[in-house]
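1. test case, fold it:
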Amino acid sequence: MRSLLSFPREIGLKRTTCGSREEFDSYIMRLNGKASCYTSLYHFRDRCSVRHWKFDTDSVVIDRAWWDFDSGERGDIVAVKKDVAKLLTRLNGDVRIVATGRGFHIHELFESPVIGRDWSRHLDRYEREMARGLKTLDGVGHAQKLTRIPDTFNVTRSRWAVNIDADAFKADPLGYEIPLRPDPRLFVNDPFRGQPSRSKFNLARWVAENPIQQAIQLPAYKGPIGVASQVPIPPCLERGISVNNPSHEIRVALVQHMTENLRWFAPSDTMTNEQRDSITKEICDFIATLGWRDYNPSITLKQVRSVVNYERAPSCAWFQGRNLCDRPCWRDDGTLR
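-> Model prediction:
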């Protein structure tokens, strides 16, 4: 049975290459408790032919689905637990759960991996279909996703991100007590370093059994990008950004929404570096006009660059779950309850 932790992969927010389990463990030992520890969700087979320091997303090995549920600024962990419990009833694979300090990461391991970014859209479709209607969903897995390493310290929240017992959680989601620190007995459940087990879910089989009803060939991105001042902002997002200090998640949602519009909804992986740079500048210039209290040009540039590759903006249910949406509008995507 294959290992859950394969190499090479990326570690840390700077996406440093990690080629072995020894390097992986050394990274955790050096930084755990000093900085939050991250790994790429997936490993890769090849490097880019031009930018040799980066991995080629055509060689990504997708061995799991992934969901991020977050309690938001209000800290409503009960709502999160209810949503996670609903998701678990819809999954058939080997599920591993990580309590992150303010929510949960759900890993559903695959019976066998699929390879290449062409699978990313199928993965995204599956993840969003399984999470349909769940308001506290904060993100799904994709080829370039970084995720928090379980049983490491969440420096931002001053809490441990811990493995939990999926079976015990399913039995009593609301009553389940999240461990305050890593429990060595639960390490076997770790989605990366834990004990492998046979999973019943196969993404390729799911795609064959659930074909896209209307095949749409999305063209590669060509031509000039859009203009930030002409991007329509839905009422929910307008409410979120029209304060002097929006939350980080609202700022990310704004960048995702604008990026999607500025590239005319073409796939993000068809963008050239020049087009990404142009979109980044458009968004940064737009944010500079919003009057946010802590606006900093260099920090804004760094954050926007890290988000422009995201494939999709948050769903309407995501905004509804943060009390920013009170009725359907022109953006209605069918996820509202």
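2. alpha carbons only for contacts and neighbour counts from here, please
-> Will do.
3. just the strands in the stretch 51-200 of the chain please.
-> Here the stretch 51-200 of the chain has its strands, by DSSP state E, counting those that start in this stretch, at 60-70, 94-99, 103-115, 137-140, 146-148, 152-154, 159-164.
4. the last one to strand 103-115, inter-axis angle?
-> Read it as strand 159-164. Orientation check (axes from the mean of the first three to the mean of the last three C-alpha atoms, to 10 degrees): strand 159-164 against strand 103-115 gives 60 degrees.
5. helices or strands next to strand 159-164 in the packing?
-> Secondary-structure packing of strand 159-164 (3 or more C-alpha pairs under 8 Å, 6 or more residues apart in numbering; DSSP states H and E): strand 94-99, strand 152-154.
6. then the fourth one?
-> In terms of contact count using 3+ C-alpha pairs under 8 Å, 6+ apart, strand 137-140 is assigned the packing partners strand 60-70, helix 120-130.
7. which parts of the last one are buried?
-> Taking 16 or more other C-alpha atoms under 10 Å as the neighbour-count basis, helix 120-130 is seen to contain the buried residues 120, 122, 123, 124, 126, 127, 128, 130.
8. next one: stretch 195-207
-> By neighbour count with 16+ other C-alpha under 10 Å, stretch 195-207 contains the buried residues 196, 201, 202, 203, 204.
9. ok, these vs residue 84, which is closest?
-> Relative to residue 84, the closest of those is residue 201; by C-alpha to C-alpha it sits at 18.1 Å.
10. identify the residue nearest that closest one in space, chain neighbours excluded?
-> Closest residue in space to residue 201, ignoring its immediate chain neighbours: residue 93 at 4.5 Å, by C-alpha to C-alpha, 6 or more residues apart in numbering.
11. so the one you found is in contact with residue 110, correct?
-> Yes. Distance between residue 93 and residue 110: 6.6 Å, which falls inside the contact criterion (C-alpha atoms under 8 Å).
12. have a look at the two and say which one is more surrounded.
-> With neighbours defined as other C-alpha atoms under 10 Å, residue 93 and residue 110 compare such that residue 110 has more, 22 against 19.
13. contacts only, for that one.
-> For residue 110, the contacting residues are 63, 64, 65, 93, 94, 199, 200, 201, 202, 203, by C-alpha atoms under 8 Å, 6 or more residues apart in numbering.
14. let's go with 10 Å and repeat that
-> 62-65, 92-95, 198-204 (C-alpha atoms under 10 Å, 6 or more residues apart in numbering).
15. same deal with residue 11?
-> 17-19, 23-24, 27-28, 37-41, 146-149.
16. and which of those is nearest to residue 55?
-> Distances from residue 55 to these, taken as C-alpha to C-alpha, are shortest for residue 17 (8.8 Å).
17. hang on, isn't that closest one packed against residue 52?
-> No. Residue 17 lies out of contact with residue 52 (C-alpha atoms under 10 Å); the separation is 11.1 Å.
18. between the two, tell me which one has more neighbours.
-> Using other C-alpha under 10 Å as the criterion, residue 17 and residue 52 rank with residue 17 on top: 19 against 10.
19. element containing the more buried one?
-> strand 16-18 (DSSP states H and E).
20. mind listing what that strand pairs with, with the direction of each?
-> In the sheet, strand 16-18 lines up against strand 9-11 (antiparallel) (DSSP bridges).
21. tell me the mean pLDDT for the strand it pairs with?
-> For strand 9-11, mean pLDDT rounds to 96.
22. could you pull out the helices for the stretch 101-250 of the chain?
-> With helices called from DSSP state H, counting those that start in this stretch, the stretch 101-250 of the chain shows them at 120-130, 166-171, 203-209, 235-241, 248-262.
23. would CSV of these with distance to residue 224 be doable?
-> Converted to CSV, these look like this (distance: least, C-alpha to C-alpha, whole Å):
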stretch, distance to residue 224
helix 120-130, 24
helix 166-171, 48
helix 203-209, 34
helix 235-241, 25
helix 248-262, 9
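24. about what we covered before: now the buried residues of stretch 195-207 as JSON lines including pLDDT and distance to residue 321?
-> Converted to JSON lines, those look like this (pLDDT from 0 to 100; distance: C-alpha to C-alpha, whole Å):
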{"residue": "196", "pLDDT": "93", "distance to residue 321": "35"}
{"residue": "201", "pLDDT": "96", "distance to residue 321": "29"}
{"residue": "202", "pLDDT": "96", "distance to residue 321": "30"}
{"residue": "203", "pLDDT": "96", "distance to residue 321": "28"}
{"residue": "204", "pLDDT": "94", "distance to residue 321": "32"}
